[in-house]
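S.K.: quick one: sequence plus predicted model below, questions after.
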Amino acid sequence: MVMLALLIAAGPAASTPAVAIHVVGDVQVKTDAQSVPLVRFAPVPEGATVITRAQSMATLRLGNGSLVRLGADTELALQELEQSEVPARSKSRLKVAFGRIWLKVNALFGDDASFEVATENAVAGVRGTSFWVMGDGKTARFVVDSGAVDVKSGGTLVDLRGPGSAVDLGAAGFGVLQQLDAATLAALRHATGGGAAVLVHELTHTRPRERGRRGLREALRRGVVGPEALADSAVRLPRRSDELRGVADVTVELRLK
């Protein structure tokens, strides 16, 4: 079974539901035998399964501030959510049945806390890392967005370090290490978070002196993927309620002349 594992020092923590901070399209939450549409700011309890349909996506914020983005056609089970505002007191266990997710795991320290992500055939350890996990029940792929991930399957350990470092895992074991280019990473960001995720990454990873008009223009160009990302809508300012929950909508108005 594929598990993404991380250990940290901490005391016990209560089960705290995740919160859906962004929902696009048809996203369902299954608890026991019940399935209901996921709406923005709805709690997602421990034991629930989140399912995104075609052209849909969702972002969950865990109790310790870690983020999980689900791309389209993805099923993710929240098996354990013992969360605390202090990352070192958190225990999380997620399982990807199929699809792709992006995670940003807050830094963990010590030996008592843990963050595990399971597919079917590996164990990965992370500390303060953002990365993607993709699977279809038979194969899996791990890709680093930032930081490092240790992936273990059987007696083999693969160390992935730096943006774009990736490895595939199948019935025959690990494939060769890969280094994905910036365009491929941008496509992954768009698949799991939409154009806004691409834009935010470009702006937050651009050096201050490059954040002038030209830098913003380039970030916008890379953040718009395909005509479907263009929308004729007004610019909206963040609402105070969004800021308190740690999220704000960003809508970019594009005028074509």
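M.R.: Arrived safely, thanks for sending. The model shown is predicted, which means the values in this text are computed figures rather than measured ones.

S.K.: residues contacting Leu177?
M.R.: 158, 160, 165-167 (C-beta atoms under 8 Å, 6 or more residues apart in numbering). The C-beta positions use only the backbone N, C-alpha and C, and glycine is treated the same way.

S.K.: I'd assumed Ala58 was in contact with Asp26.
M.R.: No - counting by C-beta atoms under 8 Å, Asp26 stays clear of Ala58, with 10.2 Å between them.

S.K.: tell me which of those two has more neighbours.
M.R.: Ala58 (29 against 14; other C-beta atoms under 10 Å).

S.K.: lowest-pLDDT helix or strand in this structure?
M.R.: Using mean pLDDT, DSSP states H and E, strand 7-8 stands out as the lowest-scoring helix or strand of the chain, at a mean of 40.

S.K.: tell me the strands beside the next helix or strand after it, with direction?
M.R.: Where DSSP states H and E defines the elements, the next helix or strand beyond strand 7-8 is strand 18-24. The strands beside strand 18-24 in its sheet (DSSP bridges) come out as strand 43-44 (antiparallel), strand 57-61 (antiparallel).

S.K.: nearest to Leu67, of the ones you listed?
M.R.: strand 57-61 (5.8 Å; C-beta to C-beta).

S.K.: now stretch 65-73 - C-alpha only, CSV.
M.R.: Taking Å, rounded to 0.1, in the frame of the first residue of the first chain, the C-alpha atoms of stretch 65-73 are listed here in CSV:
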residue,chain,number,x,y,z
GLY,A,65,-3.1,24.6,8.0
SER,A,66,-1.9,22.0,5.5
LEU,A,67,-3.6,22.2,2.1
VAL,A,68,-5.0,19.5,-0.1
ARG,A,69,-6.1,20.2,-3.7
LEU,A,70,-8.0,17.6,-5.7
GLY,A,71,-8.0,17.7,-9.5
ALA,A,72,-10.8,16.4,-11.7
ASP,A,73,-11.9,12.8,-11.5
